[in-house]
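**Student:** 3D, please:
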Amino acid sequence: MWYTNRLANQLAEVEQHFVELYKLSVEEIEELTSDADLQLDVTFQTEVLKQMETVPRITTDMNGHVVYWAGFGSRDNDAFGERYEDSVYIQRVVESWIEEGRVPVRGYAQLQYFGESRLLRQLRFFPIVQAILIGTFIFLGYLGINQARRAEQNRVWVGMAKETAHQLGTPISAIMGWVEHLKVMYAEDAEILEVSNELSHDVDRLSMVANRFSKIGATPELEPVNVYAELEKCREYMAKRAPRKVSFDFPDPASPPIKIAINPLLFDWVIENLLRNALDAMDGTGRITGRVREAENMVLIDITDTGGGIAPKNVRKVFNPGFTTKKRGWGLGLSLVKRIVEEYHRGRINVSYSEIGVGTTFTIALPRV
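**Tutor:** The predicted model follows:
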């Protein structure tokens with residue numbers, strides 16, 4: 001770009017020399033032809049005038065009215081055949097040149113104005129075109145690299161999730177078998193049966209977790225579900241496992257239904273993850289609030305806790321893989337939550353509010369059915 005700009009400046013200097021030479025040629029022709037009795041050769045001066053065909057020039061009378069122009073390509077005229085719209089355009093060009101301070105060449109009862117040739121104008125714009133092209137290539141390259149990086153991340157996530165589901169499958173099946181064996185052997189022992197039933201519930205839950213992992217990377221099967229009923233199911237599950245000093249304030253499941261297209265297994269995973277994080281943030285006491293709002297064709301779900309809040313510098317990092325403020329955390333929970341909401345349900349999730357010592361609100365936006 002620097003080299004192109006340098007060429008443009010050099011070409012401008014050359015054209016300025018041509019203008020000076022043109023001025024001298026006009027003056028010499030006027031001097032040599034002022035005396036009709038003299039028969040002098042003005043071939044050189046005339047040839048100089050012909051070499052100026054590529055430089056735009058406009059001839060006006062002493063009052064500023066355009067009488068002739070050349071060097072404008074399709075807008076050139078032949079003294080009598082100019083079009084009205086072209087003459088108006090040329091008049092505006094003259095006015096702009098005068099405003100720019102261009103000095104005309106004075107002839108016999110005429111003024112000659114000169115502009116920049118088309119080649120010079122193109123050279124001046126060429127660095128801008130170069131910058132746009134370079135910027136476009138850089139942008140496309142960034143998109144390509146970013147897309148490749150995301151694809152690699154997807155393969156890692158899918159592989160890790162499926163391997164986890166596979167590794168959990170064998171011990172879960174074995175535990176199920178042993179639980180059923182206990183039920184048969186101690187069918188008359190009420191206490192052992194009660195313990196066996198609770199074990200069955202937990203094993204079923206563990207099996208569901210493995211099933212969730214197996215669905216990562218697969219095409220999600222979405223179905224219309226009442227958001228109130230699904231939230232209540234998650235609340236009941238987490239309330240049984242929450243400290244007694246933690247209260248839950250969720251919408252009435254009997255409210256007029258609002259349906260969203262979700263995969264229940266994955267959606268429950270999202271809500272339970274948010275509730276579990278809320279419980280960890282409150283240290284055994286506080287309140288978790290769930291709210292449902294409607295906005296055009298979207299359903300907004302707010303999960304609010306009264307925990308310690310998130311530092312402003314960390315708000316944008318909470319969904320990054322590996323980021324965690326917990327001593328034993330892996331930093332994968334919210335990252336998976338974001339992927340499930342955005343990639344599988346075509347929704348959005350963000351931290352809509354957080355204040356240190358007050359609490360945090362996560363907002364999920366999902367398309368309404």
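**Student:** what about the nearest residue to Asn297 once chain neighbours are set aside, neighbour count?
**Tutor:** Excluding its sequence neighbours, the residue lying closest to Asn297 (Cβ to Cβ, 6 or more residues apart in numbering) is Arg368, at 5.4 Å. C-beta coordinates here come from the backbone N, C-alpha and C atoms, glycine included. Residues within reach of Arg368, counting by other Cβ atoms under 10 Å, total 17.
**Student:** Ok, Tyr113 next?
**Tutor:** Tyr113 has 20 neighbours, counted by other Cβ under 10 Å.
**Student:** Tell me what it is bridged to.
**Tutor:** For Tyr113, the beta-bridge partners are Ile58 (DSSP bridges).
**Student:** Settle this for me: it is touching Glu99, isn't it.
**Tutor:** No: counting by Cβ atoms under 8 Å, Glu99 is not a contact partner of Tyr113; they are 11.8 Å apart.
**Student:** which ones are touching the residue nearest to Asn297?
**Tutor:** When contacts are counted by Cβ atoms under 8 Å, 6 or more residues apart in numbering, Arg368 touches 258-260, 294, 297-299.
**Student:** Out of these, grab the one that's most surrounded.
**Tutor:** Counting neighbours by other Cβ under 10 Å, Ile260 leads these with 23 neighbours.
**Student:** where does it land in three-state SS?
**Tutor:** Three-state assignment for Ile260 (DSSP: H, G, I helix; E, B strand; the rest coil): strand.
**Student:** Also the one 10 residues further on?
**Tutor:** The three-state label for Val270, taken from three-state DSSP, comes out as helix.
**Student:** Phi, psi for Ile303 please.
**Tutor:** phi -120, psi 110 (degrees, to the nearest 10).
**Student:** give the contact list for it.
**Tutor:** By Cβ under 8 Å, 6+ apart, the neighbours of Ile303 are 271, 274-275, 278, 288-290, 361-362, 364.
**Student:** if you look at the residues you listed, which of them are in strands?
**Tutor:** Counting by DSSP state E, the contacts of Ile303 place 288-290, 361-362, 364 in strands.
**Student:** Just the buried residues of those.
**Tutor:** 288-290, 361-362, 364 (16 or more other Cβ atoms under 10 Å).
**Student:** residue ranges for the helices of the stretch 151-300 of the chain, please.
**Tutor:** 190-215, 227-239, 264-282 (DSSP state H, counting those that start in this stretch).
**Student:** Might you report the residue contacts of Phe213?
**Tutor:** Contacts of Phe213 (Cβ under 8 Å, 6+ apart): 161-162, 164-165, 168.
**Student:** Counting neighbours, what do you get for Ile300?
**Tutor:** Rather than Ile, residue 300 is Leu. There are 17 residues near Leu300, going by other Cβ under 10 Å.
**Student:** what's the nearest residue to it if we skip its chain neighbours?
**Tutor:** Arg293 (4.3 Å).
**Student:** Please parse this protein into its domains.
**Tutor:** The chain breaks down by automatic domain parsing into domains covering 2-116, 126-215, 223-367.
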